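Novice: I would like to see how this sequence folds:
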Amino acid sequence: MYHKNKKKLSIGRFFFDFLFPIKCLGCGKSDSYICEPCFNGIKLKTGFECAFCSSRSLNGETCPFCKRDNWLDYLWVAANYDNALIKRALWAFKYKFISSLKLPFSRLLLKFLYEKNKDKFIESYRQQIVMLPVPLHRRRFNWRSYNQSELVAQELASILGVKVDVNVLIRTQNKKPQMEIKGKEERIANAKGIFACRLPKKIKNKTVILVDDVTTTASTLNECARVLKQSGAKKVIGLVVARG
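Specialist: A predicted model of the protein is given here:
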C-alpha cells in the first residue's frame, strides 16, 4: 500500500511540475523558487526597533513607554516586507501552497540571527529556550494543509538545537486574517482573545521564541505573548521573516 501511494504521489508531483514548472520568484530563470543570486540580494534589516512605536531599540527590546501596555519583550525582524521578492514569496508560501519555501525563509532567518550574533545568545541559553510557531486555526490549517510558521520554526529549531513545540499555543477562534485588515486599532481588536496556552508547564520560566512569517502592528505576536506570559513564560521574543 505504501509503495502504491508513493507512486501516486510521484505521478501527481510530475504533472504538477509539468503544468506549473518551478521558477525563481525573483528572476524567473532558475529551477528553485528563490535562486542563490536572488537570495543573496535580499537586504537584511540593519537595525532594531520597538515592536509598537518603531523607535530605535537596542536588540529589538520593547521601549519603556510601550512596555507598560504590552507583553512582547523583543521583536527580531529579518527583512522588510516592501522587498518585492519577499512579498511575492510570502504570498506564495501562504496562498499558493508552496511549502518548500520553508527552506529559504528559515535560511534567511538563520542568516539574520548569525549576522546579529543572536545565534550566540541562543547557544548560551539553549536549555531555557522554547521555540513556538504562531498557530493557525484548525479550519485554516485544514484548508492549507500546513502552518507556514510551524514549518519554519521546525527547520530553525533543528539547526539551532533548541526545543520546538507546536502544541503549546493554540488558536481558539477563526477570525479574519490580519493581512486583510488595514487599521491598527482594528488589527489589535481582531487579535484579542483568539489564543490559549494548552501546556503551560512546557513554557514556565522559559524564554519563548515566537516564530511567524510577517507582522505589521505586532498585535498577533503581542496577544500570543500575553497568553504565554500569563501562563508562566519568562520572556517572549518575536522572530519574523518580514515586517510590513
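
Novice: Now for the protein, the helix or strand with the poorest mean pLDDT.
Specialist: helix 2-19 (a mean of 45; mean pLDDT, DSSP states H and E).

Novice: That helix: what's the following helix or strand?
Specialist: Per DSSP states H and E, the first helix or strand lying C-terminal to helix 2-19 is helix 36-40.

Novice: With the flanking residues excluded, which residue is spatially nearest to E155?
Specialist: S106 (3.7 Å; CB to CB, 6 or more residues apart in numbering). C-beta here means a position set from N, CA and C on the backbone, and glycine is covered the same way.

Novice: Make sure that neighbour is indeed in a helix.
Specialist: Yes: counting by DSSP: H, G, I helix; E, B strand; the rest coil, S106 is found in a helix.

Novice: Just the buried residues of the one helix or strand K87 maps to, please?
Specialist: Element membership for K87, per DSSP H and E: helix 84-95. Residues of helix 84-95 classed as buried by neighbour count (16 or more other CB atoms under 10 Å): 85-87, 89-90, 93-94.

Novice: all helices of the chain, in order?
Specialist: 2-19, 36-40, 64-67, 84-95, 102-115, 118-124, 138-144, 148-160, 184-191, 219-230 (DSSP state H).

Novice: Next up, the contacts around L132.
Specialist: 153, 164-166, 168-169, 203, 208-211, 224, 228 (CB atoms under 8 Å, 6 or more residues apart in numbering).

Novice: Check whether the residue nearest to E155 really touches A157, as I assumed.
Specialist: No: using CB atoms under 8 Å, S106 is not in contact with A157; the gap is 9.5 Å.

Novice: List the contacts of the residue nearest to L136 when sequence neighbours are not counted.
Specialist: Excluding the flanking residues, the one nearest L136 by CB to CB, 6+ apart is N147, at 4.6 Å. N147 makes contact with 133, 135-136, 141, 166 under the criterion CB under 8 Å, 6+ apart.

Novice: quick one on the thing from earlier: run through the neighbouring helices and strands of the helix holding K87.
Specialist: helix 102-115, strand 207-215, strand 235-243 (3 or more CB pairs under 8 Å, 6 or more residues apart in numbering; DSSP states H and E).
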